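Peer 1: Here you go, sequence then predicted model.
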Amino acid sequence: MAANMAFSPLQMKQLLFTKIEVEAYEYPDGAEVPWAPTFDFEGVTINTEVMTATQEGQEEDPRNFLVMVKVAIPNSTESDKPAPYTVDIHAQAWFELAPEFEKEKRESIVAVNGSSMIVGAIRETLTQLTARSLFGPLTLPSLRFLPEQKS
């Protein structure tokens with residue numbers, strides 16, 4: 001069964017990684033060492049940060065946006081469960097959004113959907129980088145981004 005296909009109104013034009021740091025976690029002697037492909041992320045701290053900007057000159061009718069996403073697994077506190085790798089990856093992408101959306105909602109649409117697209121690229125890159133690493137390939141869990149609540 002074939003699915004119908006159409007171009008998305010949100011198009012990623014370019015994606016760049018601005019920081020990639022991945023390091024195998026040093027488990028204490030005698031600790032159980034996990035195999036990354038079967039690792040359960042429950043209890044692991046995953047920090048994310050999303051920033052957006054409108055292209056200069058489009059403040060009144062924004063259609064082009066820059067979205068930057070940072071994903072980090074710091075493995076820094078003893079209260080958190082450590083992941084097999086300490087991770088700090090930053091990526092940014094340029095997006096073009098069709099003008100059919102209300103101007104006031106465009107940045108939120110791009111922030112939610114664009115960050116999800118960028119995280120997909122981060123997940124793929126992390127899996128590739130760790131594929132031949134000490135604990136095996138690590139794939140981040142799927143992350144869901146929600147629009148900011150207006151107060």
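Peer 2: Here it is on my side, so go on.
Peer 1: OK, contacts around the residue nearest the centre of the chain?
Peer 2: Central residue of the chain (CA atoms, centre = their mean): Val119, 2.5 Å from the mean position. Val119 sits next to 48, 69, 71, 140, 143, 145 when contact means CB atoms under 8 Å, 6 or more residues apart in numbering. Where you see a C-beta, it was placed from the backbone N, CA and C, and this is true even at glycine.
Peer 1: Tell me who's in contact with the second one.
Peer 2: When contacts are counted by CB under 8 Å, 6+ apart, Val69 touches 48-50, 90-92, 115, 118-119, 122.
Peer 1: Where does the residue nearest to the centre of the chain sit: helix, strand or coil?
Peer 2: helix (DSSP: H, G, I helix; E, B strand; the rest coil).
Peer 1: ok, now how distant is it from Ala98?
Peer 2: Distance, Val119 to Ala98, using CB to CB, to the nearest Å: 22 Å.
Peer 1: Just after the longest strand belonging to the chain, pick out the following helix or strand.
Peer 2: If you go by DSSP state E, the chain has its longest strand at strand 10-24. Sequence-wise, the next helix or strand downstream of strand 10-24 (DSSP states H and E) is strand 47-54.
Peer 1: ok, and what's touching that next one?
Peer 2: The set of residues external to strand 47-54 that reach it, using CB under 8 Å, 6+ apart, is 62, 64-74, 107, 110-111, 114-115, 119, 143, 145.
Peer 1: Give me the angle between whichever helix or strand comes after that strand and strand 47-54.
Peer 2: Beyond strand 47-54 in the direction of the C-terminus, DSSP H and E gives the next helix or strand as strand 64-73. Per axes from the mean of the first three to the mean of the last three CA atoms, to 10 degrees, the angle that strand 64-73 makes with strand 47-54 is 170 degrees.
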